[in-house]
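**Student:** heads up, no residue letters with this:
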C-alpha cells in the first residue's frame, strides 16, 4: 500500500461504508470573498481587500525570528505568534477547545499523525483553491505532500503545508563514552549492555518518559510495527503485534532493572539538568532534537555526538520517525488566502528554512531545504561532526508504509495513560499495548468507522 493510499481518511474521505463522506468544511474558511461549502472555486479563497492580522500557534523554537522577516516584508499581512507546548503536551487539546468555542487561530502547527484527527473534528480548512497551493506539491518531499493531500466528497483537498520531518538517531555523550571505553551501540543488545555499565557509574543511559507516546511510536516504527492497517473501507488496529511486543518487552526489562530514568519527563527542566550533569547520557530522538540539547544543555558544548539508531539485528539500517509537522489553516479563519500564502512562504522560502533549521532544529520537508548549506556543515556543539549526514541516512531508511489511524490523538492518550501505569509498576508495557489496541478499536467505532475484528 502506497503512502498516498494509506493516508488517514483516504482520498474519498469515505471510511467504513457506514458513514457518509465528511463534509468539505467551509472550503477556504469564509474569507472576505465569500465561501462555498463544497470547497470549489477560486472565489472561496479570494484575498482580502485590506490589511490582515493572522494568529498562529506553534512550538518551534525561534519561530518568531522567521515571522519577523515575513512581517517586515509583508506590512499588509501581519502574523502574530503564540508559542505553545508541543502538540500532545497541551496544544492539541487547546486547539480543540478553541475550535468548539469559535476562537481558533488562523494557523496552527499540527503533526502529520494528528491531521486526520483534526480533519474528523472539522477543524481544518481546505486550502486547495487558495492561490499557489495546487502548484506547491512538487516543492516538497513526495511522501510529506501526500500526507496533507486527501479527499472530501470524492475530490482532492489540501489540508496543510508540510513543514518538517523527524528521522531518528542516537544522541550520545561522546566524552563519557570515550572515558568508559564505549562506542556508539550498533544493536539494542549492545545498548542494554551499556546501560548496565553506565548504571555502575551512577548514570542512566536514557530516560523513559510517560508524556511522549509519539516517541515510543517512533521506536515501533523502526521495527516496522505499524499500529493500523487499512483494507479498502475497513480499518484494523494492530497496536499489539509481535514487533510491538519486542519493543515493549525490551524497554520493560530496562525499566524493571532500573537502567533508565523513569522520573524524568521529556522537555522538562529536570531532564535538562540531568543532561548537563551527565546523569543521563543518551537520547534517541529526531533530527530536530539537536537544538533541544544544544539550547538546554549548554554546559555540554562539544561533548555530544550522533550515531544511527541501534538495530534489532546486526547489519540492519532501519530508522524510526518522531514527529514532523505541518502548518495548517484552521477552520473558521476569515483570511484563508493570506494564511495559505504565509504557510507556503514559511515552509519554502530559503531564509525562513534557514532560520527554522538554525533556531528550531527543523529538518525541512521542502526539497530545497534539504540543500541548505547548514545541513552540510560541521556542527560545533556536536564536536564539529556533520550530524545531518546521519539524519539524511536515517531519513532514507524510514519505513514509508507505517500507517496512521484516523483517531491518533485518542490512541496517543491511551498509550500515555497506560505508560504512566507501567512506570508506576501497576502494569507492563505489554499490557499497555493490549489495552491501547482495545481502546483504539472503540475510538474508531465511536466515529462510525468500520473496524475489522
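**Tutor:** Done, it's in. Predicted model, so just to flag it, every value in this text is computed and none were measured. Residues are numbered from 1 along each chain as shown.
**Student:** got the contact list for residue 130?
**Tutor:** Residue 130 makes contacts with 28, 45, 329, 336, 337, 340, 341, as judged by CB atoms under 8 Å, 6 or more residues apart in numbering. (Glycine included, C-beta is placed from N, CA and C.)
**Student:** host element of residue 393?
**Tutor:** helix 387-396 (DSSP states H and E).
**Student:** Could you check how far that helix is from the centre of its chain?
**Tutor:** 17 Å (CA atoms, centre = their mean, to the nearest Å).
**Student:** After that helix, which helix or strand is next? Please name it.
**Tutor:** Past helix 387-396, the next helix or strand by DSSP H and E is helix 408-423.
**Student:** starting at the chain centroid, how far to that next one?
**Tutor:** Helix 408-423 sits 17 Å away from the centroid of its parent chain (CA atoms, centre = their mean).
**Student:** Need the contact partners of that helix.
**Tutor:** With CB under 8 Å, 6+ apart as the criterion, helix 408-423 contacts 8, 88, 92, 113-114, 116-117, 208, 210-211, 213-214, 216-217, 227, 239, 252, 255, 262, 405, 427-429, 431-432, 435-436, 439-440, 443.
**Student:** cutoff 7 Å now
**Tutor:** For helix 408-423, the surrounding residues in contact (CB atoms under 7 Å, 6 or more residues apart in numbering) are 88, 92, 113-114, 116-117, 208, 210-211, 213-214, 216, 227, 255, 262, 405, 427-429, 432, 435-436, 439-440, 443.
**Student:** Stretch 77-95 too?
**Tutor:** Under CB under 7 Å, 6+ apart, the answer for stretch 77-95 is 52-59, 63-64, 67, 70-71, 104-105, 108, 110-111, 114, 123, 211, 213-214, 267, 338, 341-342, 409, 412.
**Student:** Most widely separated two among the contacts of residue 130?
**Tutor:** Within these, 28 and 341 form the most distant pair, 11.8 Å apart (CB to CB).
**Student:** the more surrounded of those two?
**Tutor:** Neighbour tally, residue 28 and residue 341, criterion other CB atoms under 10 Å: the higher count belongs to residue 28, 31 against 23.
**Student:** On the pLDDT front, check that one for me.
**Tutor:** Listed pLDDT for residue 28 reads 35.
**Student:** what do you get for residue 396?
**Tutor:** For residue 396, pLDDT reads 85.
**Student:** what does residue 16 give?
**Tutor:** For residue 16, the predicted pLDDT is 30.
**Student:** show me where the stretch 151-300 of the chain has strands.
**Tutor:** 155-158, 161-162, 164-165, 168-173, 228-231, 234-237, 282-286 (DSSP state E, counting those that start in this stretch).
**Student:** Would you mind putting these into a markdown table with mean pLDDT alongside?
**Tutor:** Shown next, in a markdown table, are the strands of the stretch 151-300 of the chain (pLDDT from 0 to 100):
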| stretch | mean pLDDT |
| --- | --- |
| strand 155-158 | 77 |
| strand 161-162 | 97 |
| strand 164-165 | 94 |
| strand 168-173 | 98 |
| strand 228-231 | 89 |
| strand 234-237 | 94 |
| strand 282-286 | 97 |
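**Student:** Tell me which of these sits nearest to residue 355.
**Tutor:** strand 164-165 (12.7 Å).
**Student:** Look at residue 72 and say how many residues are nearby.
**Tutor:** Residue 72 has 8 nearby residues by other CB under 10 Å.
**Student:** oh sorry, the question was meant for residue 196
**Tutor:** If you count neighbours by other CB under 10 Å, residue 196 ends up with 12.
**Student:** which residues touch residue 134?
**Tutor:** Listed by CB under 7 Å, 6+ apart, the contact set of residue 134 reads residue 128.
**Student:** pLDDT value on it, please?
**Tutor:** What the model reports as pLDDT for residue 134 is 89.
**Student:** cool, and the one 4 residues further on?
**Tutor:** You'll see residue 138 listed with a pLDDT of 92.
**Student:** picking that back up, identify, from the contacts of residue 130, the entry nearest to residue 100.
**Tutor:** The nearest one, if we look at the contacts of residue 130 relative to residue 100 and count by CB to CB, is residue 329, at 18.0 Å.
**Student:** Where does the closest one fall, secondary structure wise?
**Tutor:** Using DSSP H and E, residue 329 sits in strand 325-329.
**Student:** Likewise for residue 104?
**Tutor:** With DSSP H and E as the test, residue 104 turns up in no helix or strand.
**Student:** right, and it touches residue 97 too?
**Tutor:** No. Using CB atoms under 7 Å, residue 104 is not in contact with residue 97; the gap is 9.0 Å.
**Student:** out of those two, which sits in the more crowded spot?
**Tutor:** A direct count of neighbours by other CB under 10 Å for residue 104 and residue 97 places residue 104 higher, at 21 against 11.
**Student:** if I pick the more buried one, what's in contact with it?
**Tutor:** Residue 104 makes contact with 95, 98, 330, 331, 332, according to CB under 7 Å, 6+ apart.
**Student:** So the second one: helix, strand or coil?
**Tutor:** Per DSSP: H, G, I helix; E, B strand; the rest coil, the secondary structure class of residue 98 is helix.
**Student:** Quick check: closest non-adjacent residue to it.
**Tutor:** Distances taken as CB to CB, 6 or more residues apart in numbering put residue 104 closest to residue 98, at 4.3 Å, once the chain neighbours are dropped.
**Student:** what's the pLDDT at that neighbour?
**Tutor:** Note for residue 104: predicted pLDDT of 97.
**Student:** can you check residue 211 too?
**Tutor:** Reported pLDDT for residue 211: 88.
**Student:** which helix of the protein spans the most residues?
**Tutor:** For the chain, the longest helix by residue count, based on DSSP state H, is helix 429-446.
**Student:** packing partners for that one?
**Tutor:** strand 234-237, helix 242-256, helix 408-423 (3 or more CB pairs under 7 Å, 6 or more residues apart in numbering; DSSP states H and E).
**Student:** one step back: please compute how far the strand holding residue 329 lies from its chain's middle.
**Tutor:** 11 Å.
**Student:** thinking again about what came up before, okay if I get the contacts of residue 130 as TSV plus secondary structure and distance to residue 296?
**Tutor:** Formatted as TSV, these follow (DSSP: H, G, I helix; E, B strand; the rest coil; distance: CB to CB, whole Å):
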residue	secondary structure	distance to residue 296
28	coil	39
45	helix	40
329	strand	31
336	helix	36
337	helix	38
340	helix	34
341	helix	34
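**Student:** Show me just the buried residues among these.
**Tutor:** 28, 45, 329, 336, 337, 340, 341 (16 or more other CB atoms under 10 Å).
**Student:** how much space between the closest residue to residue 386 other than its chain neighbours and residue 90?
**Tutor:** In this structure, residue 386 finds its nearest non-sequential neighbour in residue 378, 5.4 Å apart by CB to CB, 6+ apart. As judged by CB to CB, to the nearest Å, residue 378 and residue 90 stand 36 Å apart.
**Student:** one step back: nearest to residue 166 among the contacts of residue 104?
**Tutor:** residue 95 (20.0 Å).
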